[in-house]
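Visitor: Below are the sequence and a predicted model; questions follow.
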Amino acid sequence: MAIEIRMPKIGLTMTEGKIIEWRKREGEWVEKGEILFVFETEKVAFEVEAPQSGFLAKIVAQIDEIVPIGGVVGVLVEKEGEKVEVTVQRPNVIPEEIEKERLETRPSRTDRIRATPMAKKIAKERGLDLREISGSGIGGRIKMKDVESALGRKAPEPVLPQIAEGRLVKLSGMRRIIAQKMLASKTETAQTYMTVSVDATRILESRERLIPVIEKLVGVHLTITDILMKIAASAINLHPVINTRWTPDGIIWFDAIHMGMAMALEEGLIVPVIWDIGKKSLSEIAKSRAELVEKGRVGKLTPDEMKGSTFTLSSLGMYGVEEFTAIINQPESAILAVGAILDRPVAINKEVLIRPTMKLTLSYDHRVIDGAKAAQFMKTVREFMEDPVLVLA
């Protein structure tokens, strides 16, 4: 029996997906739950698992081919060499019967092993049964370190001396997209940078006072990032040139501020978005941030939640990074990089005092934003941070 593999619908606004990688070749055996192919939509990559075991009899959609949702991309069969005939029909929307079939054939989360692709690959190569390994990831997902730990418990194999050798790890769909976007951002924009130092004393004091208030309102723990996003949005309202986009025909000035949050996962970098953040209270921002972070950790973010940002904030302060320069998240015009809050000597009224300070670096597209305009924006950000009552009251 032949099973048609179709382009799934992920997110409310998705209409099509671009095939960027096939993990199996025609004629190869595929286990249920194995990654069959990878597609991208809105510059986000998604891995698609085989709904059941079988032989990949036919690859219908080739790499770089764009397929509408519900369109046939490949065919699985139960018997090796079984002939198949495929009539390619690619509707713009998924008919009810196709959507029903997709839901029925999708593997449930209770009957399959949750593991990262690399963990599955190494376990298969070394003959490990993933069912015997406890996962340390969210929901018990097995990670590479869990497989390595299990291998360490086995009898060690003889190790021969190696000189300048290593193993090749093929690019995942997500890593390939990240590389393409980062390179395009550096080559297609006139990126320029400026850094300011900020006294974080009042930010820390405000956060301590607001933590119990926000927890009572929305049940989440307030972070410095929440406050910084609120401040950045308030500063953008006063300096709307930061919230723009370059196009060959002119510059788009956005009315609403949709703020991206750079977020690191094991598989790579993603940027979930808080929509219309300029109209949200601090408690609403904290709640939205917490929900997006949790979805990102368990792999449940949709394309709708990772597109449309007009400005991005990236923080590495939690890793102790003092200062860094972020690459603009195209097609935006600016991104704010936030370093760690550290005690430093500061000259105040001709006295040297120890104060908690942090460094902020703005990367901006000089085609759109002039240096003076960027400096005015950063001046406002610093003023709001050093006197947050102007924004948080």
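Guide: Okay, I see it.
Visitor: In this structure Val321 contacts Ala340, no?
Guide: Yes: between Val321 and Ala340 there is a contact at 5.9 Å, judged by Cβ atoms under 8 Å. (Each C-beta comes from the backbone N, C-alpha and C, glycine too.)
Visitor: ok, which stretches of the stretch 151-300 of the chain are strands?
Guide: 191-199, 244-247, 250-253, 259-261, 263-264, 269-270, 273-274 (DSSP state E, counting those that start in this stretch).
Visitor: okay, those strands in a markdown table with mean neighbour count, distance to Ile227 and mean pLDDT next?
Guide: Shown next, in a markdown table, are those (neighbours: other Cβ atoms under 10 Å; distance: least, Cβ to Cβ, whole Å; pLDDT from 0 to 100):
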| stretch | mean neighbour count | distance to Ile227 | mean pLDDT |
| --- | --- | --- | --- |
| strand 191-199 | 16 | 12 | 96 |
| strand 244-247 | 16 | 24 | 94 |
| strand 250-253 | 12 | 26 | 96 |
| strand 259-261 | 25 | 13 | 95 |
| strand 263-264 | 15 | 17 | 86 |
| strand 269-270 | 18 | 22 | 84 |
| strand 273-274 | 24 | 14 | 96 |
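Visitor: where does Gly27 land in three-state SS?
Guide: When the structure is reduced to helix, strand and coil (DSSP: H, G, I helix; E, B strand; the rest coil), Gly27 reads as coil.
Visitor: Surely it and Leu56 touch.
Guide: Yes: under the criterion of Cβ under 8 Å, Gly27 lies in contact with Leu56, with a separation of 6.8 Å.
Visitor: between those two, who's got more neighbours?
Guide: Taking neighbours as other Cβ atoms under 10 Å, Gly27 and Leu56 compare with Leu56 leading, 22 against 11.
Visitor: And for that one, nearest residue in space, chain neighbours not counted?
Guide: Computed as Cβ to Cβ, 6 or more residues apart in numbering, the closest residue to Leu56 that is not its neighbour in sequence is Lys24, at 4.9 Å.
Visitor: from the chain's centre, how far out does the lengthiest helix in the chain sit?
Guide: Longest helix of the chain, by residue count under DSSP state H: helix 201-218. Distance, stretch centre to chain centre, for helix 201-218: 27 Å (Cα atoms, centre = their mean, to the nearest Å).
Visitor: residue ranges with poor pLDDT in the protein?
Guide: For the chain, residues meeting the criterion pLDDT under 70 lie at 42-43, 86-112, 153-165, 173-174, 267, 393.
Visitor: Would you point out which residue is most central in it?
Guide: Ile270 (1.4 Å; Cα atoms, centre = their mean).
Visitor: residues in contact with that one?
Guide: Taking Cβ atoms under 8 Å, 6 or more residues apart in numbering as the definition of contact, the neighbours of Ile270 are 44, 263, 296, 301, 306.
Visitor: same check, this time on Pro212
Guide: Going by Cβ under 8 Å, 6+ apart, the list of residues near Pro212 is empty.
Visitor: What's the local residue count around Leu342?
Guide: Using other Cβ under 10 Å as the criterion, Leu342 is surrounded by 14 other residues.
Visitor: do the one 4 residues further on as well
Guide: For Val346, the number of neighbouring residues by other Cβ under 10 Å comes to 15.
Visitor: what's the angle from the strand or helix carrying it to strand 191-199?
Guide: Remark: Val346 resides in strand 342-348, with elements defined by DSSP states H and E. Using axes from the mean of the first three to the mean of the last three Cα atoms, to 10 degrees, one finds that strand 342-348 and strand 191-199 are set 80 degrees apart in direction.
Visitor: that older thread, tell me what the residue nearest to the centre of the chain is bridged to.
Guide: For Ile270, the beta-bridge assignment (DSSP bridges) gives partners Met263.
Visitor: How much space separates it from Val44?
Guide: As defined by Cβ to Cβ, to the nearest Å, Ile270 lies at a distance of 7 Å from Val44.
Visitor: Serialize the strands of the stretch 151-300 of the chain to TSV and add fields for distance to Val48.
Guide: Converted to TSV, the strands of the stretch 151-300 of the chain look like this (distance: least, Cβ to Cβ, whole Å):
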stretch	distance to Val48
strand 191-199	35
strand 244-247	31
strand 250-253	34
strand 259-261	25
strand 263-264	22
strand 269-270	18
strand 273-274	24
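Visitor: so which of those comes closest to Gln180?
Guide: Each of the strands of the stretch 151-300 of the chain was scored for nearness to Gln180 using Cβ to Cβ, and the closest is strand 269-270 (12.5 Å).
Visitor: So what pairs up with Val77 in the strands?
Guide: In this structure, Val77 bridges to Ala2, Phe55 when assessed by DSSP bridges.
Visitor: how near is the residue nearest to the centre of the chain to Pro303?
Guide: Relative to Pro303, Ile270 is positioned 11 Å away (Cβ to Cβ).
Visitor: Now for the two: what residues contact both?
Guide: By the contact definition Cβ under 8 Å, 6+ apart, Ile270 and Pro303 are jointly contacted by Val44.
Visitor: Can you give the domain ranges for the chain?
Guide: 2-112, 113-170, 175-392 (automatic domain parsing).
Visitor: so how far is the longest one from its chain's centroid?
Guide: Centroid separation between domain 175-392 and its chain, computed with Cα atoms, centre = their mean, is 15 Å.
Visitor: how long is that domain end to end?
Guide: Domain 175-392 has an end-to-end distance of 38 Å (Cα to Cα, to the nearest Å).
Visitor: just the strands in the stretch 1-150 of the chain please.
Guide: With DSSP E, counting those that start in this stretch as the definition, the stretch 1-150 of the chain shows strands at residue ranges 2-6, 16-22, 29-30, 35-41, 44-49, 54-59, 66-68, 72-77.
Visitor: what's the closest of these to Lys121?
Guide: For the strands of the stretch 1-150 of the chain, the distance to Lys121 is smallest for strand 35-41, at 9.5 Å, taking Cβ to Cβ.
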